[in-house]
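In: Sequence first, predicted coordinates after that:
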Amino acid sequence: MKKIFLLLFVTIVATNLFSQAENSNQYLNTAEKLTVSDSKLTIGGYGEVHYNQVLSKDIRNNGILDVHRMVMFLGYNFSDKTQFVSELEFEYAKEMWVEQAYIQHKLNNTINVQAGLMLIPMGIVNLYHEPVTFNGVERTNIDNKIAPSTWREVGLSINGNLLASSLKYQLMLVNGPVSYDGTTGLMNGSKGIREGRQKGSKSYMSAPNFAGRVEYFGLSGLNLGLSGYYGKSQSKLYDKISLTNAAAIAKADSSVINIAMVGADGRYQAVGFQARAQFYYAALGNTDQYNAFTRKSGVLNDLGSSMYGYYVEAGYNVLKGISEMELVPFVRYQQLDTSDGSVQHHCQR
């Protein structure tokens, strides 16, 4: 089943460490800004407190208050060429996660090498997920269900800027999400691949996956991005498996899915006007075998053969020219389907 959303929000944000440089359409997230800092040691952070309440003329609903995130960034520049970046996050006032922890070494002006726990370079929000870089209280639905922000894994990355071509690029080899943890199938039609994120916590890898992104910033006010992700999900059934045991290999093969995901996004700013759009499509292979296998293990899964979603939004900073603060009324239209091609469809509600 598909559902269309029309949302109207007002958000108030400050121009600070998390926002793009003035009069520039080349974006940097906080981790990238730590690597270009002139200080040896850089400390930063942010916090989010959310209030959500369903309004109805017939039913009274309680509001929900949530200290959703408290985040600390810690960076250290060993030299002009070698930097360390980390991001520590406390969620829901009770959980702690390491969201990023990697070393970067600059080979030259156009090539950097990174190794460690890094963000998967898919779309806008996963890379630029600080709360003042997107409108609204919560992250967009497609960045929750399809590209499951905050999506990070352990791997090796090559990235940099090709300034002559106004291009920014990133190529990454990384472990993939888990589809089968030894007892349970973790992917289904309602949540897509979200529950399979390993997040650097005792991660294991059956086979490396590939992710990449290119951004173009050559036209004033415009930033265009193209992202891709390709590989297989990971399964514990491959661990210590005999290469001569055809039955065991066939069983393990039934516990994984093939993932080929593409994303396209664009952002535009002119004076106080802001617009952005984002699209994801993910082709999922081996889902019939996976659904049948996880059904045998006692869990009914309905993972479809594809997922897709998109949104477009526009807003205007009514404080432009008056204050360094921003007040942005905006409107967003979005649609997604996390189980396209399955018998039973599910979508974000």
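Out: Ah, there it is.
In: Just to be sure, residue 171 is in a strand?
Out: Yes: checked against DSSP: H, G, I helix; E, B strand; the rest coil, residue 171 lies within a strand.
In: beta partners of it?
Out: residue 158, residue 212 (DSSP bridges).
In: close enough to count as contact, it and residue 157?
Out: Yes: under the criterion of Cβ atoms under 8 Å, residue 171 makes contact with residue 157 at 6.8 Å. Any C-beta I mention is one placed from the backbone N, CA and C, and that applies to glycine too.
In: Settle it for me: which of the two has more neighbours?
Out: Using other Cβ atoms under 10 Å as the criterion, residue 171 and residue 157 rank with residue 157 on top: 21 against 16.
In: State the distance from the more buried one to residue 59.
Out: Counting by Cβ to Cβ, to the nearest Å, the separation of residue 157 from residue 59 is 48 Å.
In: Angles on the backbone of residue 248, please.
Out: The phi and psi values for residue 248, taken as degrees, to the nearest 10, are phi -70, psi -40.
In: In contact with the nearest residue to it once chain neighbours are set aside: list those residues for me.
Out: Leaving aside its sequence neighbours, residue 248 sits nearest to residue 241 (Cβ to Cβ, 6 or more residues apart in numbering; 5.2 Å). By Cβ atoms under 8 Å, 6 or more residues apart in numbering, the contact set of residue 241 is 248-249, 252.
In: List buried residues within the residues you listed.
Out: The neighbour-count test (16 or more other Cβ atoms under 10 Å) marks residue 252 as buried among the contacts of residue 241.
In: Quick check: of the contacts of residue 241, which lies closest to residue 211?
Out: Distance ranking of the contacts of residue 241 against residue 211, using Cβ to Cβ, places residue 252 first at 23.4 Å.
In: Okay, and that closest one sits in which element?
Out: helix 246-253 (DSSP states H and E).
In: Quick check: residue 219 touching residue 25?
Out: Yes: using Cβ under 8 Å, residue 219 is in contact with residue 25, at 7.5 Å.
In: joint contacts of those two?
Out: Taking Cβ under 8 Å, 6+ apart as the criterion, residue 219 and residue 25 do not both touch any residue.
In: Who has more neighbours out of the two?
Out: Just comparing residue 219 and residue 25: by other Cβ under 10 Å the higher neighbour count belongs to residue 25, 20 against 11.
In: How far off centre is stretch 206-222?
Out: Put simply, stretch 206-222 sits 13 Å off its chain's centre (Cα atoms, centre = their mean, to the nearest Å).
In: So for it, mean pLDDT?
Out: Across stretch 206-222, pLDDT averages out at 95.
In: List the buried residues for that stretch?
Out: If you call a residue buried by 16+ other Cβ under 10 Å, then stretch 206-222 has these buried ones: 206, 209, 211-217, 221.
In: and what of stretch 97-108?
Out: 97, 99-102, 104, 106.
In: does the residue located most distally from the centre of the chain sit in a helix, a strand or a coil?
Out: Farthest-out residue of the chain from its mean C-alpha position, per Cα atoms, centre = their mean: residue 244, at 38.5 Å. Following three-state DSSP, we place residue 244 in the coil state.
In: Relative to residue 293, how far out is it?
Out: Distance, residue 244 to residue 293, using Cβ to Cβ: 22 Å.
In: What of residue 275?
Out: 44 Å.
In: what residues are up against residue 266?
Out: Shown in contact with residue 266 (Cβ under 8 Å, 6+ apart): 222-225, 276-278.
In: for residue 60, same thing?
Out: Residue 60 touches nothing, counting by Cβ under 8 Å, 6+ apart.
In: Tell me if it really is in a strand.
Out: No: checked against three-state DSSP, residue 60 lies outside a strand; its state is coil.
In: how close does it sit to residue 181?
Out: Residue 60 is 40 Å from residue 181, by Cβ to Cβ.
In: Likewise for residue 221?
Out: Using Cβ to Cβ, residue 221 is found at 46 Å from residue 181.
In: And the helices in the chain?
Out: 30-35, 142-145, 246-253, 287-296 (DSSP state H).
In: Could you check how far stretch 30-49 is from the centre of its chain?
Out: Using Cα atoms, centre = their mean, the offset of stretch 30-49 from its chain centre is 19 Å.
In: what about that stretch, average pLDDT?
Out: Stretch 30-49 comes out with an average pLDDT of 88.
In: One more: stretch 90-100?
Out: Rounded mean pLDDT across stretch 90-100 is 91.
In: Can you give the contact residues for it?
Out: By Cβ under 8 Å, 6+ apart, the surrounding residues in contact with stretch 90-100 are 31, 66-71, 85-89, 116-119, 150, 152, 199-200.
In: how long is it from one end to the other?
Out: 13 Å (Cα to Cα, to the nearest Å).
In: quick one on the thing from earlier: just the buried ones from the contacts of stretch 90-100?
Out: By neighbour count, with 16+ other Cβ under 10 Å, the contacts of stretch 90-100 hold 31, 68-71, 85-89, 116-119, 150, 152, 199-200 as buried.
In: Where strands are concerned, which of those count?
Out: Judged by DSSP state E, the subset of the buried ones among the contacts of stretch 90-100 located in strands is 68-71, 85-89, 116-119, 152.
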